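> just need the structure, nothing else, for what follows:
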Amino acid sequence: MKKVLATTTLVLATGLLLACSPKEVGDVSLGLFTTKDIKIQTFNDPDIPGVTCHISHVEANLDLADPSDMSIACRQTGEITKAMLDSIDTSKSGEVIFSASKSILFKHLKIRRIFDNDNRTLVYLSYSTKETAGSDKHSLTTVPLWGSKAWQELEAATTATPK
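Numbers count the residues shown, from 1 in each chain. Below you'll find the model as predicted:
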């Protein structure tokens, strides 16, 4: 029983740490006779503050679970440096930078950052952890580093390295 309690506490604490408190910037009703709204929220990448993401998702106020549909758009809104890139997970699976509960039964909306080193692009994937209607719902956006300080620093490091 103690293991279950400890594991539950760890999972809840991890979920709270991953959620980076998005700010609501829009709320669109889906109609007069529905309790569903489209929420639009914004947040900055916690490790790369020069990237701002906007996510939209449906919130069903009186349901036990929200629909899994969501959308994401991220853009460069400030400086991005090589030092910032050096601090992130560059594995193929990247890292979860945002998580929000979508039901009381372990369904979550997550946003994962993946770095495409070959193209020098940050990839942001939003997805639901619960399968719905035969396919997992997801959305993808990218932030190319072209023209950023990070691009220049990566380019300088590549040309300075002997072949």
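
> next, count neighbours for K82.
By the measure other C-beta atoms under 10 Å, the count of residues near K82 is 18. Backbone N, C-alpha and C define where each C-beta goes, glycine included.

> which stretches of the chain have low pLDDT?
Residues of the chain meeting the criterion pLDDT under 70: 1-21, 35, 61-68, 102-106, 130-135, 161-163.

> where along it do the helices fall?
For the chain, the helices defined by DSSP state H cover 2-18, 82-86, 149-160.

> measure S126 to T158 for me?
Relative to T158, S126 is positioned 31 Å away (C-beta to C-beta, to the nearest Å).

> compare the two and say which is more crowded by neighbours.
With neighbours defined as other C-beta under 10 Å, S126 and T158 compare such that S126 has more, 23 against 9.

> you'd agree the more buried one is up against S71?
Yes: with contact defined as C-beta atoms under 8 Å, S126 reaches S71; the gap is 7.4 Å.

> list residues touching both of these two?
Listed contacts common to S126 and S71 are 55, 139; contacts here mean C-beta atoms under 8 Å, 6 or more residues apart in numbering.

> for T52, give me its contacts.
Residues in contact with T52, defined by C-beta under 8 Å, 6+ apart, are 42-45, 74-75, 77-78.

> bridging residues for the residue nearest in space to the middle of the chain?
When C-alpha atoms, centre = their mean is applied to the chain, the residue found nearest the centroid is I111 (2.4 Å). Beta-bridge partners recorded for I111 (DSSP bridges): F98, S126.

> how close does it get to E79?
In terms of C-beta to C-beta, I111 sits 21 Å off from E79.

> next: V51.
To E79, V51 is 10 Å away according to C-beta to C-beta.

> more neighbours: the two, which one.
Under the criterion of other C-beta under 10 Å, the comparison of V51 against E79 puts V51 first, with 22 against 12.

> pretty sure the more buried one sits against T142.
No: applying C-beta under 8 Å, one finds V51 not in contact with T142, separated by 10.6 Å.

> where do the strands of this protein begin and end?
With DSSP state E as the criterion, the chain has strands at 23-29, 36-44, 51-60, 70-76, 95-101, 108-116, 121-128, 138-144.

> including distance to Q152, could those go into TSV?
Conversion of those to TSV gives the following (distance: least, C-beta to C-beta, whole Å):
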stretch	distance to Q152
strand 23-29	31
strand 36-44	22
strand 51-60	17
strand 70-76	14
strand 95-101	24
strand 108-116	17
strand 121-128	15
strand 138-144	14
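
> noted, bye for now.
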